[in-house]
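**Student:** pasting the structure only:
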């Protein structure tokens, strides 16, 4: 019985890896400006269009800003929201209120509690996007982070929810590495100078994806008119796991 | 409804990205001597000339010195100030007084309180320049910085103020990265040795700008007679987001 | 009397080093996505097929997921399990429960106790796979880790159990180095850009293997249809210890 | 009204940047043996010869040693001292006494107090050289350093004194960066291997200088018979700010 | 009176440096898998065969395992042991017992006490091998390590014992450097990619050896059928100290 | 009145820099095995032969071992000692006793007290060699080190003693840098791979020497039959300060 898979909405990537494993957690990490949020929106839209109940939890931006970004790619999220297939959960206001409270009482009590975040995910959710976890790791030691992150993944898996966790690289390198080991699959997005052409380009590293034939070469992509587009895939001969 | 945009005053940059998103915060970071303050002045002048109520908060320099720098580029800020379209807020004296007080009582009580800074921004401000935030981060842990910086951005967005935050690279790399992830857009200015010519040049990296087609290549610029000038833009084919 | 050896199941590697020394501990370390778990499963299957009582302790994944991964390579583990030659021990649920407990009482009491893990290994075990030790090192100082890791190895050796310990590189570099020195043999799996072809490839470094002729060159491998496959071995002339 | 400028005494540099802005603080930083003290002496001599009341505060060396170094370049400082245009302030003895006291009472009470240093600068001083500040930063955190350094610059500016602060690179990289951002201008002196000739050479980086056209290229200099001499300037086309 | 010397048993090395100074301590450091233990065994065997009373203290391995490794090179240590010329001292069991005790009482009391180790060396010992000191450095600060290591060397020198101390590179870089400065001679073993052939090779750096003409070039060696063998020595012209 | 100078005994170096400034402190720093002690012995012998009262303080080695090393170069130190022109002060035994005491009472009381060392230097000393200061820096913070090191230099200068301080690179990089800034001159000895020939060679960097024309290029040297020998000096045209 082969593993069920979901399309990411990035066509070239779906063709190469066949979509991401259902009911598991994928990590999307990368530099500022690498397109992590666009990837997350593209995935959310695709899931919702494919009829899945999709929840997008945003810690940094308001839903209105995300809708605006989506609109720039010609994606109309409102109709999906109205159809009850896409829901935004905003953490921005909550964080602002907490910060003001913490500054008021002069203590630093907040601790990253991923369990509480997961409780905010509605009961019948199929696909869940957490964008991003980075601002929720406050005051956690690496050991605490590892334990709580693993618990979060474990809980989501038991609920059968396919999850994308976005983690920016401003979060410590150590936490990024820990997260990468715990998840079922991981993508890293970055810019690099092409060693042959001397020009900068956007590349995606499919770091890992269990039970999946993954390309070992980097995939070049562009952020074009309709979202992320893979522009140079691996050779045929590279399609090894 | 496309996003409203403001001109930065750097013509080549405005042509390439179409100006910066209104009502959002942009980060300008970079090395000592990279021209961050000149960029900030150029933006302030352009906003004021475009009829916006513009506030320039200076933590390191006195307004008289900034006027002098502007004058070197042929920019007469005084008439804009008299017209009530440009206002300088100086933090230098305030900081000196605080430092003396802290040294006097022998404790280190000052904590970066970005909220107080925002309260100093007049009610009807359209464009706000904070140059620089670096000297205001005293004694903040990365988690505290992230929370307070995000709160500041959140507050300014609610007030609809287009903001430029200058952050020097003497501020820890970690805080720079955190700031870069929270903002709507970010520019990094630096000097590098051109790998082909072996000569040093000034380059600008448009690290990110949401809802905007950004160049992936570095933009070369000069600090010429009339301010920052982009001298080599990206190819046509690079104008992807 | 030459040392008894076990096949790893990776044919090319077995041909080059003649299998791994029986009754000793081997470390398998490497990056996320390098194939450590596949190597561990391949070894476990081979041991069980060779008639050894094999125990696979999984700290990150559930047995059902591991069976799924094995199935993707055409390995049917269930029949080996039914024959009593392969047994999975899951730590995932145990860890989740512990994490919840620790968060509940608000203390951080858990300490890596490798001794307890070893007690979970059944009496008549011949081959033992610990995948991975990384999540079990919580709160240990390097000195504590070294002592406990050495004690674990010592205990397993006295029981005559051939062991594979998987350690991810998210575990601190320091602990990785310490572990590498204590074990009888160590493999490191990673991806690199081939300096001659400019393409990325998977390579295995046989860092050490006592009493064994080991190749000094890196071994290139692929994760192909039937598991890890060495695709370019060392020259004849390299087969020095 | 263009900014008033002072000659540094390094002819090639004065020709390129037109001298340094009067009444502001310049930082001179660099490696051991890069010629920071020679630069400082050359500037002091030039100021005094130009009729300015010049004060040289030496924290590491005695005035007699500095006179000896100057004499090696054919600079007779004694006549300038006698004319009341150059004055040495020695901190060496003061530091030795303090160190002995601190060791005697077994505590570490000394704190960098730049304010006290500034109080030692006579009332009618025009040019002030602090060589070096490095030994005065004892026990300061980066935040304390930033605050006190900014206060020192602020005070000197209010008194209208043109200042050269020498800071050796043994002072932490972090403090160097902080200082570089606070000052009006900064020079960095170092040795490098010329990438084209493979030979080592001395180079000067005009890191920043506000209100001034600065060369972006490194300036090569030698320590010759009559002090620092620029031997290869930037091309004409480089004379951008 | 030239210094008395002992053969190391590595023929090429003995030919180049003339053996190691008697009554002094040599450090052998290097990466996992570099052959430090083989070097130590080769030296021990040679000393014992040359009629010296030789003691091999093993902190990581049991004597039976070391005999097995030696046998793989055709070295029969048992006859030397029976003749009373070679003795193994095992610390493995001792360490395991200590670790269990420390874990039982929940404290971390063990401190590296090299003095106690030296007391375990029998009275009439001529040659002593400590393999390795790395696991004995628990909880020592660099200053404590330096003091105790120097004391150990001092004591062994007074007793006239020629000593090889093996220190793995998992021990902190700082302790390795400190040890390297205190000893009379030091060898470093590592693998590197030959810059000319692009192939990996084993090399030995004779970092220092007082009163001895040492090669400045790296020595390439192999671990061949009969132990370490130098395969490419320095040119004649390199045989400077 | 030109500065009085002493020959170092390394002929090529003396020819290039004209000897080292009398009554000042020079730092000799470098890697293990770079020849710092040989340089120090060569200098001590030359001073004593030139009729100066010379004191060699040895913290790591006994005088007998140093005499042995000198003898390997054909230097007979005993006659100089008998003539009262060379004296060895051994700190080895003192350090061993202190270490035992500290371990006995279980505290870590020792603090680098350079002042006490200087008191051990006899009244009529002309040249003083401290080999090395590295083992005397125990438990000092960088600030404490800077203060005490400067005080030591200050005291020796007041007594008119020409001093060589040897500092190994196992002492923290930070302390090395601090020392380099405080001294009148500094030499750094190291091994490097010649970028043109691909062979390793010994090189000396005359980092700084006040009041002296110093070569900017590295000087290649060998440790030959009669001590350190400069084998390739700078070109004529490099003899700038």
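**Tutor:** Looks like it came in fine. The structure presented is a predicted model; accordingly, all values stated were derived computationally and were not measured.
**Student:** Quick one: list the elements packing against the helix or strand of chain A at the bottom of the mean pLDDT ranking.
**Tutor:** Ranking every helix and strand in chain A by mean pLDDT, DSSP states H and E puts helix A:92-105 at the bottom, with a mean of 77. Packing partners of helix A:92-105 (3 or more C-beta pairs under 8 Å, 6 or more residues apart in numbering or on different chains; DSSP states H and E): helix B:142-158. C-beta here means a position set from N, CA and C on the backbone, and glycine is covered the same way.
**Student:** Run the contact check for the next helix or strand after the helix it packs on versus chain D.
**Tutor:** Following helix B:142-158 in sequence order, the next helix or strand is strand B:162-168 (DSSP states H and E). Yes - for strand B:162-168 and chain D, the contact criterion (C-beta under 8 Å from any C-beta of the partner chain) is met by residue B:168.
**Student:** partners of strand B:162-168 in the sheet?
**Tutor:** Strand B:162-168 has the following sheet partners, assigned by DSSP bridges: strand B:25-30 (parallel), strand B:127-131 (parallel).
**Student:** For chain A, what lies in contact range of chain C?
**Tutor:** Residues of chain A lying near chain C by C-beta under 8 Å from any C-beta: A:3, A:113, A:115, A:141, A:143-144, A:146-148, A:150-151, A:154-155, A:174, A:177-178, A:180-182, A:186, A:195-196, A:206-211, A:214, A:216-218, A:240-241.
**Student:** Is the closest residue to residue A:194 other than its chain neighbours in a helix, a strand, or coil?
**Tutor:** Leaving aside its sequence neighbours, residue A:194 sits nearest to residue A:201 (C-beta to C-beta, 6 or more residues apart in numbering or on different chains; 5.2 Å). Following DSSP: H, G, I helix; E, B strand; the rest coil, we place residue A:201 in the strand state.
**Student:** show me what contacts residue A:201?
**Tutor:** Contacts here follow C-beta atoms under 8 Å, 6 or more residues apart in numbering or on different chains; on that basis residue A:201 touches A:191-194, A:220, B:216.
**Student:** Buried subset of those residues, written for PyMOL?
**Tutor:** Buried subset of these, written as a PyMOL selection, criterion 16 or more other C-beta atoms under 10 Å in any protein chain shown:
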select buried, (chain A and resi 191+220) or (chain B and resi 216)
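**Student:** And residue A:75, how far from chain B?
**Tutor:** With the distance defined as C-beta to the nearest C-beta, to the nearest Å, residue A:75 ends up 12 Å from chain B.
**Student:** any idea how far that residue lies from residue A:9?
**Tutor:** 9 Å (C-beta to C-beta, to the nearest Å).
**Student:** where do the contact lists of those two overlap?
**Tutor:** Residues touching both residue A:75 and residue A:9 (C-beta under 8 Å, 6+ apart) are A:42, A:45, A:227.
**Student:** measure the second one to residue F:44 for me?
**Tutor:** Think residue A:45. 80 Å.
**Student:** can you pull the contacts of whichever residue of chain A sits closest to chain C?
**Tutor:** Closest residue of chain A to chain C, C-beta to the nearest C-beta: residue A:208 (3.0 Å). Residue A:208 sits next to A:180, A:183, A:185-186, A:214, C:32-33 when contact means C-beta under 8 Å, 6+ apart.
**Student:** Same check on residue A:69?
**Tutor:** So residue A:69 contacts A:37-38, A:41, B:210-211 (C-beta under 8 Å, 6+ apart).
**Student:** Could I get the full set of helices for chain A?
**Tutor:** Assigned by DSSP state H, the helices in chain A fall at A:11-17, A:36-49, A:63-72, A:77-82, A:92-105, A:114-119, A:142-158, A:173-182.
**Student:** Neighbour count: residue A:45 and residue F:44, which is higher?
**Tutor:** residue F:44 (29 against 22; other C-beta atoms under 10 Å in any protein chain shown).
**Student:** coming back round to it: can you say which of the residues of chain A next to chain C are buried?
**Tutor:** A:3, A:143-144, A:146-148, A:150-151, A:154-155, A:177-178, A:180-182, A:186, A:206-211, A:214, A:216-218, A:240-241.
**Student:** follow-up on the earlier one: between the least confident helix or strand of chain A and helix A:63-72, how many degrees?
**Tutor:** For helix A:92-105 against helix A:63-72, the angle by axes from the mean of the first three to the mean of the last three C-alpha atoms, to 10 degrees is 140 degrees.
**Student:** buried residues in helix A:92-105?
**Tutor:** In terms of neighbour count (16+ other C-beta under 10 Å), helix A:92-105 has its buried residues at A:92, A:95-96, A:98-99, A:102-103.
**Student:** Check stretch A:59-79 too.
**Tutor:** Within stretch A:59-79, the residues scored as buried using 16+ other C-beta under 10 Å are A:59-63, A:65-73, A:75, A:77.
**Student:** Pull the distance from it to the chain's centre.
**Tutor:** Relative to its parent chain, stretch A:59-79 has a centroid offset of 16 Å by C-alpha atoms, centre = their mean, to the nearest Å.
**Student:** ditto for stretch A:135-144
**Tutor:** Counting by C-alpha atoms, centre = their mean, stretch A:135-144 comes out at 18 Å from the chain centroid.
**Student:** for that stretch, what is the average pLDDT?
**Tutor:** Across stretch A:135-144, pLDDT averages out at 86.
**Student:** For the closest residue to chain B within chain A, which residues are in contact?
**Tutor:** When scored by C-beta to the nearest C-beta, chain A has residue A:33 as its residue closest to chain B, at 3.0 Å. With contact set as C-beta under 8 Å, 6+ apart, residue A:33 has these partners: A:191, B:186, B:206-209, B:214.
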